[in-house]
Each structure stands twice: as structure tokens, then as C-alpha cells.
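A.B. asks: need a 3D model of the sequence below.
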Amino acid sequence: MSGWYEISKNDKGQHSFVLKAANAQVILRSEQYDARASAQNGVASVQKNAPLPERYELKTASDGRFYFNLKASNGQVIGTSQMYTSEASRQNGIDSVKTNGPSAEVRDA
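C.D. replies: Okay, here's the model as predicted:
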């Protein structure tokens, strides 16, 4: 089984999506969108950009933990990872997004 996307709507009416690995762990989280169609476009952008190594921006938080952003060709952040305690764990997260990101399955949360 491969990963999938879940699109959800919060109590303010904003939509977002997460990419989950086959084990159901969240590996990428989007920003909030005003319209569901915008969240769906975000999913399509992850599907397109996830396999491309140059789209990953490696970051370190102020507390020393590691994370990454996945960016579109225009430089806009499409999704952000969870925080990792090591660079190796962050790389495993990137590898998981590369593997699961092209998934076509989209579910409602």
C-alpha cells in the first residue's frame, strides 16, 4: 500500500491537506486555503514536485531540530514536514515524500 492525501476543513472553513505514508504517519502538511479547490491544486503540485530533489529546502529550527519545505517551481512552499531530531531522520522523511508524493489517492479526513 502506498501513501495518500487527506483534505480537511477546519472550524473557520479553511481547507488543508496532509500527505500520509503507508503507515498513516503524516509526512507533509500544507498551509490553510480558503477554498477546497486550492487545496486540491496544492495536492496536484506535491504530486508533480515530490520526485524532484531540487524542490526540497532543508531547514533547521531555532531549537536545533530539522525539517524541510517542499517548494513549487515558482519557489512557493507547498508543504512542510514535521520536526526531526537528526538530519538522517529528515532525509528519511524526504525519501518518504518522494516515494508517496506521486500517489493519486485523495481522501476526505
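A.B. asks: buried stuff in the helix or strand where residue 92 lies?
C.D. replies: Element membership of residue 92, judged by DSSP states H and E, is helix 87-100. Across helix 87-100, burial judged by 16 or more other C-beta atoms under 10 Å covers 90, 93-94, 96-100. The C-beta positions use only the backbone N, C-alpha and C, and glycine is treated the same way.
A.B. asks: list just the nearest of the residues you listed to residue 30.
C.D. replies: Proximity of the buried residues of helix 87-100 to residue 30 (C-beta to C-beta) peaks at residue 97, which lies at 12.4 Å.
A.B. asks: the closest one contacts residue 70, doesn't it?
C.D. replies: Yes. Residue 97 lies in contact with residue 70 (C-beta atoms under 8 Å); the separation is 6.4 Å.
A.B. asks: residue 43: what secondary structure?
C.D. replies: helix (DSSP: H, G, I helix; E, B strand; the rest coil).
A.B. asks: likewise for the one 3 residues further on?
C.D. replies: Following three-state DSSP, we place residue 46 in the helix state.
A.B. asks: report how many residues lie close to it.
C.D. replies: Neighbourhood size, residue 46 [other C-beta atoms under 10 Å]: 23.
A.B. asks: quick check: the residue most central in space within the chain vs residue 13, distance?
C.D. replies: Closest residue to the average C-alpha location of the chain: residue 28 at 2.7 Å, with C-alpha atoms, centre = their mean. Distance, residue 28 to residue 13, using C-beta to C-beta, to the nearest Å: 22 Å.
A.B. asks: ok, residue 88 next?
C.D. replies: Remark: distance between residue 88 and residue 13 (C-beta to C-beta) = 39 Å.
A.B. asks: quick revisit: overlap in contacts, residue 97 and residue 70.
C.D. replies: Residues touching both residue 97 and residue 70 by C-beta atoms under 8 Å, 6 or more residues apart in numbering: 28, 46, 50, 79.
A.B. asks: tabulate those (a markdown table), appending secondary structure, distance to residue 39 and pLDDT.
C.D. replies: Formatted as a markdown table, the shared contacts of residue 97 and residue 70 follow (DSSP: H, G, I helix; E, B strand; the rest coil; distance: C-beta to C-beta, whole Å; pLDDT from 0 to 100):
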| residue | secondary structure | distance to residue 39 | pLDDT |
| --- | --- | --- | --- |
| 28 | strand | 13 | 97 |
| 46 | helix | 11 | 97 |
| 50 | coil | 16 | 97 |
| 79 | strand | 11 | 97 |
